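Enquirer: sequence first, then the predicted structure:
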Amino acid sequence: AYARAQQAPLLGFAAVPKSLADTVSVPKGYTASVLIAMGDPLFAGVPAFKNDGTDTDFDKRCGEWHDGMEYFGLSANGTRDDGSSNRALLGINHEWVTQTFLHPNGPSPAPRPDAEVIKEMQAMGVTIVEIAKGTNGKFAYVQGSPFNRRITTETVIELSGPARGNALLRTKFSPDGTRTRGTVNNCGTGKTPWGTLLTGEENWNNFFARNAGDNDKRSANENVAFARYGKSVTTEKGSDHVYRWNTAQSGDERFTRWNTSVTAASATEDYRNEFYCQGYVTEIDPYSATAVIKKRTALGRMAHESAAVRAEVGKKVAVYMGDDARNEYIYKFVSTQTWDPADANRTDRIAVGDKYLDAGKLYAAKFNEDGTGTWVELSLSNPAVANYTKYRFADEGDVLIHARIAADAAGATKMDRPEWGNLHPVTGELYITLTNNSNRRLNPTGSQLAPDAANPRSYSDLYAGTKTNTGNVNGHILRIRDADPAATTFTWDIFLFGAEADADPKLINLSGLTEEQEFSSPDGLVFTKSTGLCWIQTDDGALTDETNCMMLAAVPGAVGDGGPLTLDYGSTKVTTRMGKKPTSRTLKRFLVGPKDQEITGLAETPDGKVIFVNVQHPGEDTNVADLADPSKYTSHWPGNAGYGAGGANARPRSATVMIVKDDGGLIGT
Ligand code: FEO
Ligand code: CA
Ligand code: CA
Ligand code: CA
């Protein structure tokens, strides 16, 4: 299947050592350079980025905190993907902002100046940007391209699918519940076979405030829902917006809508329901800077990471998704329509999305100890959902808006923070990262959970006193095999366990990772089609005393290529299923990023000769009080690599990096 990869052995490079240097390290024979960074001007006439906190117009600049990313080849007439490896559109998610560096002196306290809030609201969302290969063989982004587009937390977006028009989605902005403003906290991505970008709205709940006493103005049922999605209040104290956008000094509705409280007589006179308008997989047509954007409510509302689409001729389309919070679930959407490959060539792409992503069934995964599992249906057809007593679902739209509660009712398995999932390009098996879970405990209390077959590790006692984190500290990567995209039963195993190389081999370093392989907290996970390699990216807090966050390349096996394994915790024994242990030929560290960042998002050119990788939030932990003294910044990348203004004293910036092999070969060989 990987004809081109036969030309050179996979993982032929020398592993990159762990590093604390403020630079991007790649193997000998490879070169990494910056393609586009936070603040770079996208449109004609927008001034160059000064990077001193005074820049404005972020709705015309590349956004902050680069995250998930997809590559869309661009044909000469610009209407479709012709498989070009020379000209393309990149879709880039922008998850959060580092307030410290976005303003001259860091963020002002609440009530916040409008201009600061506007800058932050515009720096998040999604960037669509044209890139083209120059005569030097390197890609550059095209300022002023008619394809360039910024989607921000303020862009008007349609609510689509079964929850469109639902009573819970009606607001003063959209009294019929069909539209909202903004996509928020965009984390993982997906790419559909019909050429659209899927962007996952993750920790959007942090962007809402609720007034003290708002609980008293809501039904008990509704308060259950707010609590389940992390926005409960006590009558003594409200709940805050993470950046206090709702406090902007003018008091304009543009800002106050981030307070999702009951303030008027009816839901169409205030923004009490604004909270229900975020948390979706949102679909964007990158080939049109004016195409309507749609939130696909059929895929459920949660803390979305990536969305992996499996489309096979004559079969239903499946979309696999993770909900990244402690003890949340893995989901699968299955379309009503079967996949017609002619739809891949249509240019009315959002209409194709309507066909496949607006009608279908949503499921959550339930894992059994014997390596099998079930997709449990989340709809009122499932009696466990329809008859649930802790929350009463009003209709099918309510089930999707509260998919987490439906999955609780249906008895799905609570996981160790499901992050990115993607599909093996040949077998269609799902690989999904479970980044860590401090709530996985041997003797659980409260919201903690005991280890189980699919989440078998807890370090609660093992690391007592030596690590600040407990639970499943290093995370793991789980695999699911569905015989058919619409299958309701599956088999599973654990591909890799993150660990430190010198950790206990019977309870922690179960995959036998070496110094060249050790990693912690897998987060991004993407396959490259040219080589079939599985790329693993980390967002780690446990190994950062030894190394900055990194990316590894793995040669995937297949679900079931290992066997059962029992972890003996003494009084507790847990049996799991694990894949074949990696060797030096099947897992190797490929990249280590600069300081105080995470590596996330990956896209390749179809010829496999260039990959793009994002460096997110270098220097994020710099203290505002140290802004006047650049020597105290925790990172100066990429200024210190010669990109943009500021040099070795530069304020750090999130950026997209392109990586080539100096001999022109495939990346990862
Ligand atoms: Fe945005 Fe769960 O990482
Ligand atoms: Ca992530
Ligand atoms: Ca992070
Ligand atoms: Ca993460």
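Expert: Perfect, I can see it now. Please read all numbers here as calculations on a predicted model, not as lab measurements. Ligands and ions are numbered 1, 2, ... in the order given.

Enquirer: spell out the secondary structure type for residue 365.
Expert: Here residue 365 is recorded as strand under DSSP: H, G, I helix; E, B strand; the rest coil.

Enquirer: what is the neighbour count of it?
Expert: 26 (other Cβ atoms under 10 Å). Placement of C-beta: from N, CA and C, glycine included.

Enquirer: now do residue 48
Expert: Residues near residue 48, counting by other Cβ under 10 Å, number 12.

Enquirer: check the one 10 residues further on too.
Expert: Neighbour count of residue 58, defined by other Cβ under 10 Å: 26.

Enquirer: could you measure from it over to residue 639?
Expert: Distance, residue 58 to residue 639, by Cβ to Cβ, to the nearest Å: 19 Å.

Enquirer: what does this structure put close to ligand 4?
Expert: Contact residues (Cβ under 5 Å from the ion) of the chain with ligand 4: 523, 539.

Enquirer: pull up the residues of the chain that are close to ligand 1.
Expert: 95, 187, 202, 305, 324, 419, 523 (Cβ under 6 Å from any ligand atom).

Enquirer: between all of these, which two are separated the most?
Expert: Comparing all pairs in these by Cβ to Cβ, the longest separation belongs to 95 and 419, at 12.4 Å.

Enquirer: report the central residue of this protein.
Expert: The chain has residue 188 as the residue nearest its centroid, 2.4 Å off, counting by Cα atoms, centre = their mean.

Enquirer: which helix or strand contains the closest residue to residue 344 other than its chain neighbours?
Expert: Closest residue to residue 344 apart from its sequence neighbours, by Cβ to Cβ, 6 or more residues apart in numbering: residue 193 at 5.0 Å. Per DSSP states H and E: residue 193 is located in neither a helix nor a strand.

Enquirer: contacts only, for residue 193.
Expert: Residue 193 makes contacts with 309, 311, 339, 341, 343, 344, as judged by Cβ atoms under 8 Å, 6 or more residues apart in numbering.

Enquirer: which residues does the residue in the stretch 151-300 of the chain that ligand 1 sits nearest to contact?
Expert: Closest to ligand 1 within the stretch 151-300 of the chain is residue 187: 3.4 Å, counting by Cβ to the nearest ligand atom. Residue 187 is in contact with 67, 68, 93, 95, 200, 201, 202, 203, 304, 305, 306, 324, counting by Cβ under 8 Å, 6+ apart.

Enquirer: returning to what we had before: and the contacts of residue 193, which of them are in strands?
Expert: Using DSSP state E, the members of the contacts of residue 193 that fall within strands are residue 309.

Enquirer: buried ones among the contacts of residue 193?
Expert: For the contacts of residue 193, a burial check counting by 16 or more other Cβ atoms under 10 Å picks out 309, 311, 339, 343, 344.

Enquirer: turn those into JSON lines, including pLDDT.
Expert: Shown next, in JSON lines, are the buried ones among the contacts of residue 193 (pLDDT from 0 to 100):
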{"residue": "309", "pLDDT": "98"}
{"residue": "311", "pLDDT": "98"}
{"residue": "339", "pLDDT": "98"}
{"residue": "343", "pLDDT": "98"}
{"residue": "344", "pLDDT": "97"}
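
Enquirer: please narrow the residues of the chain next to ligand 1 to those residing in strands.
Expert: With DSSP E as the criterion, strands contain 187, 305, 419, 523 from among these.

Enquirer: and the residue of the chain found nearest ligand 4, how many neighbours does it have?
Expert: Closest contact between the chain and ligand 4, by Cβ to the ion, is at residue 539 (3.7 Å). For residue 539, the count of nearby residues is 21 (other Cβ under 10 Å).

Enquirer: again with the one 4 residues further on
Expert: Around residue 543 there are 21 other residues, counting by other Cβ under 10 Å.

Enquirer: next up, the contacts around the closest residue to it other than its chain neighbours.
Expert: Closest residue to residue 543 apart from its sequence neighbours, by Cβ to Cβ, 6+ apart: residue 520 at 4.1 Å. Residue 520 makes contacts with 436, 473, 474, 475, 498, 499, 500, 538, 540, 541, 542, 543, as judged by Cβ under 8 Å, 6+ apart.

Enquirer: for those, which one is nearest residue 625?
Expert: Residue 625 lies nearest to residue 541 out of the contacts of residue 520, by Cβ to Cβ, at 22.9 Å.

Enquirer: picking that back up, nearest to ligand 1 among the buried ones among the contacts of residue 193?
Expert: Of all the buried ones among the contacts of residue 193, residue 309 has the smallest distance to ligand 1: 19.3 Å, by Cβ to the nearest ligand atom.

Enquirer: tell me if I'm right that residue 78 and residue 147 touch.
Expert: Yes. Counting by Cβ atoms under 8 Å, residue 78 touches residue 147, with 6.8 Å between them.

Enquirer: okay, and the common contacts of these two?
Expert: Joint contacts of residue 78 and residue 147 (Cβ under 8 Å, 6+ apart) are residue 287.

Enquirer: more neighbours: which of those two?
Expert: For residue 78 versus residue 147, the count of surrounding residues by other Cβ under 10 Å is larger for residue 147: 18 against 14.

Enquirer: mind checking how far residue 116 is from residue 186?
Expert: Distance, residue 116 to residue 186, by Cβ to Cβ: 21 Å.
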